[in-house]
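# What follows is a predicted structure for the sequence shown.
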Amino acid sequence: SSDLVGTTGTDDKGGDITVKAGRTNGDDDGGTISIESGGTDGTTTGNGGLINIYAGHSAAKTGGTISIASGYGQKMSSGSILIRTLNAGTTGVSGELMFSTGTTSSGASGSISIGTGTASGGDGGDISIKVGDGNTLDGGHISLFAGLTNADADSTGGSISMISGYSKIRSSGTIIIRTL
């Protein structure tokens, strides 16, 4: 096996590295870019290889951004972005998905926003959160916790808000909370 290391840059702006698949002018699909880390055939130890993506740090300003955007469809749908872990083997659990922002020493920490686009000529996009069913033990749990505060008397803990959609012509949306 071998390592491939690319370094570019001077005292000015750092050099760019661009990896781009081929474009077609015909009716076939555009080229694919695949990145796969190494596997292991060990029967007792050894994990599969990691894929790490890091944006650049900055000593004086904001660190670099990692941006992932699906392809635009001029006549039909835009492409999808799928992030998932695969099923577990005969033992063990399926992999974890974790979305988290960092802590700060001064100022607010980062936010996490999940939203769908506004529709024109159709329904707005849905957001569904569903946990797994249990087979021999409990079904999965959904927990929502607002943040606590250790600040002065004028500060409060975080809020949890649920607001249904507004309609200009008909009724606003419904909020249903129930047990089965």
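That came in fine, so what should we check first?
# pLDDT value on residue 148, please?
At residue 148, the predicted lDDT confidence score is 91.
# Ok, residue 38 next?
We have a pLDDT of 93 for residue 38.
# isn't it right up against residue 48?
Yes - if you go by CB atoms under 8 Å, residue 38 and residue 48 touch, sitting 7.2 Å apart. Every C-beta, even on glycine, is put in place using the N, C-alpha and C of the backbone.
# quick one: residue 154 from residue 22, how far?
Here the criterion is CB to CB, to the nearest Å. By it, residue 154 lies 60 Å from residue 22.
# quick one, what contacts residue 88?
Applying CB atoms under 8 Å, 6 or more residues apart in numbering to residue 88 gives the contacts residue 94.
# Give me the local confidence score for it.
pLDDT, residue 88: 89.
# any idea how far it lies from residue 41?
Taken as CB to CB, the span from residue 88 to residue 41 is 18 Å.
# what do you get for residue 28?
Residue 28 is 35 Å from residue 41, where distance means CB to CB.
# Also residue 13?
Distance from residue 13 to residue 41, by CB to CB: 44 Å.
# same deal with residue 69?
36 Å.
# Neighbour count for the two, which is higher?
residue 69 (8 against 5; other CB atoms under 10 Å).
# Spatially, what comes nearest to residue 156 if we skip its sequence neighbours?
If the residues on either side of it in the chain are set aside, residue 156 comes closest to residue 149, at 6.7 Å by CB to CB, 6 or more residues apart in numbering.
# How about the contacts made by the one you found?
Taking CB under 8 Å, 6+ apart, we find residue 149 in contact with 155-158.
# Now list the buried members of those residues.
Among these, not one counts as buried by 16 or more other CB atoms under 10 Å.
# Residue 119 against residue 126, yeah?
No - using CB under 8 Å, residue 119 is not in contact with residue 126; the gap is 10.8 Å.
# Which of these two has more residues huddled nearby?
Neighbours per residue, other CB under 10 Å: of residue 119 and residue 126, the larger number sits with residue 119, 9 against 6.
# most distant residue from the middle of this protein?
For the chain, the largest distance from the centre (CA atoms, centre = their mean) belongs to residue 153, which lies 35.9 Å off.
# where are the low-confidence patches of this structure?
Applying pLDDT under 70 to the chain flags the ranges 1-10.
# CA atoms only: put stretch 50-65 into PDB for me.
C-alpha atoms of stretch 50-65 as PDB (Å, rounded to 0.1, in the frame of the first residue of the first chain):
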ATOM      1  CA  LEU A  50     -11.700   5.700   8.100                       C
ATOM      2  CA  ILE A  51     -12.600   8.500   5.800                       C
ATOM      3  CA  ASN A  52     -11.800  11.900   7.300                       C
ATOM      4  CA  ILE A  53     -12.700  15.200   5.800                       C
ATOM      5  CA  TYR A  54     -11.400  18.300   7.400                       C
ATOM      6  CA  ALA A  55     -11.700  22.000   6.400                       C
ATOM      7  CA  GLY A  56      -8.800  24.300   7.000                       C
ATOM      8  CA  HIS A  57      -8.200  26.100  10.200                       C
ATOM      9  CA  SER A  58      -7.600  29.800  10.500                       C
ATOM     10  CA  ALA A  59      -5.300  31.500  13.100                       C
ATOM     11  CA  ALA A  60      -7.100  34.900  12.700                       C
ATOM     12  CA  LYS A  61     -10.500  34.500  11.200                       C
ATOM     13  CA  THR A  62     -13.200  31.800  10.600                       C
ATOM     14  CA  GLY A  63     -12.200  28.200   9.800                       C
ATOM     15  CA  GLY A  64     -13.000  26.700   6.500                       C
ATOM     16  CA  THR A  65     -16.500  25.400   5.500                       C
END
